[in-house]
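Visitor: Sequence plus predicted model, see below.
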Amino acid sequence: MRLEIGCQDRVGIAQNVLAIFVERGIDLRGIELKQPGKIFINIPDLEFSELQNFMPLLRLIEGVIDVKTTPYMPSERERNEFETLVKTFPDPFISIDSKGQIRKVNNVAAQIMCDSLENITATHIGQWLKGFNFSRWLDSDEVLAQTQRVKFQEDDFVADIIPIHIADGNEKQVLAGAVLILKSEARLGQQISVFKKANDNNFTGIQAQSSAMRKLLREAKRMALLDSSMLIVGETGTGKELLARACHAASDRANKPFMTLSCAALPDDAAETELFGAGAAGQANSKRGLFESADGGTIFFDEVGEMSPKLQSKVLRVIQDGTFRRIDDEKEIKVNVRIIGSTNRDLLNMVSLGEFREDLYYRFNVLGLNIPPLRERRADIIPLAELFVAQFGQRIGKTHISFDQECLEFIEHYPWPGNVRQLENVLIRAVSLMEGNIIMTSHLQLPAYTREHGYLEQDFEGTLDAAVKNFEADLLRKLYPAYPSTRQLAKKLGLSHTAIANKLREYDINKKTVKI
């Protein structure tokens, strides 16, 4: 039985209480004065009927306010609370005394040690952990917390080693031992992955070690708070949809839907039905489109350069006034949707060729972001590679995966024409098929590449003459708006006026076909 006695904070009151038990020869297991006005007493062999005989005497003591039974002593609750916390802690937890002898371990540590608690207790921590001299640390003049890499049962762990100090009667700190919290590489990888995962309102899931990407994210964070349409330009595989999702999540529309339409994946009729829906509301075969479903949120048009002229005109109207009609329905529907588009094509050139509506281009491109290709932000390549390997290795149960130095140099200098997506896919394949824990260049299935000669895609088609002409036409088309006079352009390129005039005529480059 346990008693809780409420009382005034008076000198000698505890002695008065104990005297009643002493007079009756009642054996006490413990007494605790945890806070002013509370005395807790543990009486293991007392029956409630016996308590009733002297409880009135306790209440008659000067300063005693109340006497009642309690299910547990404060120290019992604290002890069980601590033991529950330690036992269920997801990482190995070890407590040692001031001589380095093990006092307690939790369930995870005991499983790794593969031994019974009786055999583990009182053994020296140095028998189990290698790589840190615990005896020297405990015997040093100033024992400070440490974070060390150690070997625990032949596996690598990071150990947080925290000393336990207790104040003695002279208010000095006496070393009573230490607690060790161990984290495996797999657990650290899990925590880093969670930390890097994008939250609902930030861009932490986008790797940005390079100055170019840091600048891009600064701009994106500002634009995300605005409500205007946005156009994200970048090569295939650079992460345009990932950036669009981050912008949506950081906006005031974050709690509303984010819907995606791939403009290259659907024929016209299917794309219209997907966007606008079909049939009057309430009909058996009616269908809500993306615009209705995303009301209040965001629609992401992936690869708007692939949009047909017919679909372009219909999307333009919705962007202009927010209204549209379902297919086979006369009723107009008004929605409030933010538009984000992406493209890997030169939309301005498409506008000049009449392949993309100029008014739609400017409707999309109110806010513009340009994601640099991976080859132009090399500082991001190795961190991305390490992240992909850790994430996929953890998924399939492979840990301690690393790169040899030659492979790291190759990865960093390879041009990655498929950008981040290609890097991820190549590393997933390498981790899946390799034996051992070290990724080497031979594990990467990529087109041949050298720093001196670059790379050649295995699926290259055409002739050298055609490739040169394509490059030449593209270069002239880009330079023409800045040098619209054939003489100016000839001077810029170091060619004769006649040669430039012939080339402009050959590639149909003039003031009608190229917007100046």
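Guide: Yes, it's here.
Visitor: Now do the SS call for residue 311.
Guide: helix (DSSP: H, G, I helix; E, B strand; the rest coil).
Visitor: and it, how far is that from residue 178?
Guide: Residue 311 is 68 Å from residue 178, where distance means C-beta to C-beta, to the nearest Å. Bear in mind the C-beta positions are built from the backbone N, C-alpha and C, glycine included.
Visitor: Now stretch 350-358 - C-alpha only, PDB.
Guide: Taking Å, rounded to 0.1, in the frame of the first residue of the first chain, the C-alpha atoms of stretch 350-358 are listed here in PDB:
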ATOM      1  CA  MET A 350       7.900  28.400 -82.200                       C
ATOM      2  CA  VAL A 351       5.900  31.700 -81.900                       C
ATOM      3  CA  SER A 352       8.000  33.200 -84.800                       C
ATOM      4  CA  LEU A 353       7.300  30.000 -86.900                       C
ATOM      5  CA  GLY A 354       3.600  30.200 -86.100                       C
ATOM      6  CA  GLU A 355       3.600  27.000 -84.200                       C
ATOM      7  CA  PHE A 356       2.600  28.500 -80.800                       C
ATOM      8  CA  ARG A 357       0.200  31.400 -80.200                       C
ATOM      9  CA  GLU A 358       2.000  34.600 -79.200                       C
END
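Visitor: How about it, which residues are buried there?
Guide: Along stretch 350-358, these residues count as buried under the neighbour rule (16 or more other C-beta atoms under 10 Å): 350, 351, 352, 356, 357.
Visitor: likewise stretch 426-436?
Guide: Using 16+ other C-beta under 10 Å as the test for burial, stretch 426-436 gives 426, 427, 428, 430, 431, 434.
Visitor: Please apply the same query to stretch 40-56.
Guide: Buried residues in stretch 40-56 (16+ other C-beta under 10 Å): 40, 41, 42, 43, 46, 51, 54, 55.
Visitor: and which of the residues you listed is nearest residue 367?
Guide: Using C-beta to C-beta, residue 40 comes nearest to residue 367 of these, at 66.1 Å.
Visitor: How about the closest one: what's its closest non-neighbour residue?
Guide: Distances taken as C-beta to C-beta, 6 or more residues apart in numbering place residue 32 nearest to residue 40, at 4.4 Å, with adjacent residues excluded.
Visitor: Give me the buried positions along stretch 473-489.
Guide: Applying 16+ other C-beta under 10 Å to stretch 473-489 flags 473, 476, 477, 479, 480, 483, 486, 489 as buried.
Visitor: could you dump those to JSON lines with pLDDT and secondary structure?
Guide: Formatted as JSON lines, these follow (pLDDT from 0 to 100; DSSP: H, G, I helix; E, B strand; the rest coil):
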{"residue": "473", "pLDDT": "87", "secondary structure": "helix"}
{"residue": "476", "pLDDT": "86", "secondary structure": "helix"}
{"residue": "477", "pLDDT": "85", "secondary structure": "helix"}
{"residue": "479", "pLDDT": "85", "secondary structure": "helix"}
{"residue": "480", "pLDDT": "82", "secondary structure": "coil"}
{"residue": "483", "pLDDT": "80", "secondary structure": "coil"}
{"residue": "486", "pLDDT": "84", "secondary structure": "helix"}
{"residue": "489", "pLDDT": "85", "secondary structure": "helix"}
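Visitor: rewinding a little: report whether the residue nearest to residue 40 is found in a helix, as I expect.
Guide: No. Assessed with three-state DSSP, residue 32 is strand; it does not lie in a helix.
Visitor: Report whether residue 329 is found in a helix, as I expect.
Guide: No. Under three-state DSSP, residue 329 sits outside any helix and is assigned coil.
Visitor: Name the nearest residue to it, ignoring sequence neighbours.
Guide: Excluding the flanking residues, the one nearest residue 329 by C-beta to C-beta, 6+ apart is residue 280, at 4.6 Å.
Visitor: Mind pulling the model confidence for the one you found?
Guide: In the predicted model, residue 280 carries a pLDDT score of 74.
Visitor: hang on, the earlier thing: now, the buried residues of stretch 426-436 that are in helices?
Guide: 426, 427, 428, 430, 431 (DSSP state H).
Visitor: Any chance of JSON lines for those, columns pLDDT and distance to residue 182?
Guide: Listed next are these as JSON lines, based on pLDDT from 0 to 100; distance: C-beta to C-beta, whole Å:
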{"residue": "426", "pLDDT": "89", "distance to residue 182": "34"}
{"residue": "427", "pLDDT": "88", "distance to residue 182": "28"}
{"residue": "428", "pLDDT": "87", "distance to residue 182": "29"}
{"residue": "430", "pLDDT": "86", "distance to residue 182": "30"}
{"residue": "431", "pLDDT": "84", "distance to residue 182": "25"}
